[in-house]
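*Asks:* A structural model of the following input is requested.
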Amino acid sequence: MEDCHWIDSDSQALLDELVESLQQAGCCCWLTYLPEKKYRHGWGNRARTSSSGSTRLTTSSADYLLRSAEECGDRGASSAMLKV
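*Replies:* All right, here's what the predicted structure looks like:
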């Protein structure tokens, strides 16, 4: 999910439910937001969640990230993203 700093309350409620359901799943949910916009959520201290800052990804870094994700998940989905 991109640009969480602009999320509305209904979408935040859905995201909260998603994060709760993912606690037992073997998958990754990647969220982005601008740190200066101070996005707030209530699940930052839960098990199996983490936060990390980053800068804009270079093309090679994005390629590496997607190829690494292939090792853990749906190869078809990440391959389709690489074509975009």
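
*Asks:* Helix or strand for the spatially most central residue of the chain, just tell me which one.
*Replies:* In the chain, the centroid-proximal residue (Cα atoms, centre = their mean) is Trp30; its distance is 0.7 Å. For Trp30, there is no host helix or strand (DSSP states H and E).

*Asks:* residues near the nearest residue to it once chain neighbours are set aside, how many?
*Replies:* Of all residues not flanking Trp30 in the chain, Met1 sits nearest, at 7.6 Å (Cβ to Cβ, 6 or more residues apart in numbering). Where you see a C-beta, it was placed from the backbone N, CA and C, and this is true even at glycine. Applying other Cβ atoms under 10 Å, we find 13 residues neighbouring Met1.

*Asks:* Also Glu36?
*Replies:* Count around Glu36 with other Cβ under 10 Å applied: 7.

*Asks:* Equivalent analysis for the one 3 residues further on, please.
*Replies:* The local packing count at Tyr39 equals 16, with neighbours defined by other Cβ under 10 Å.
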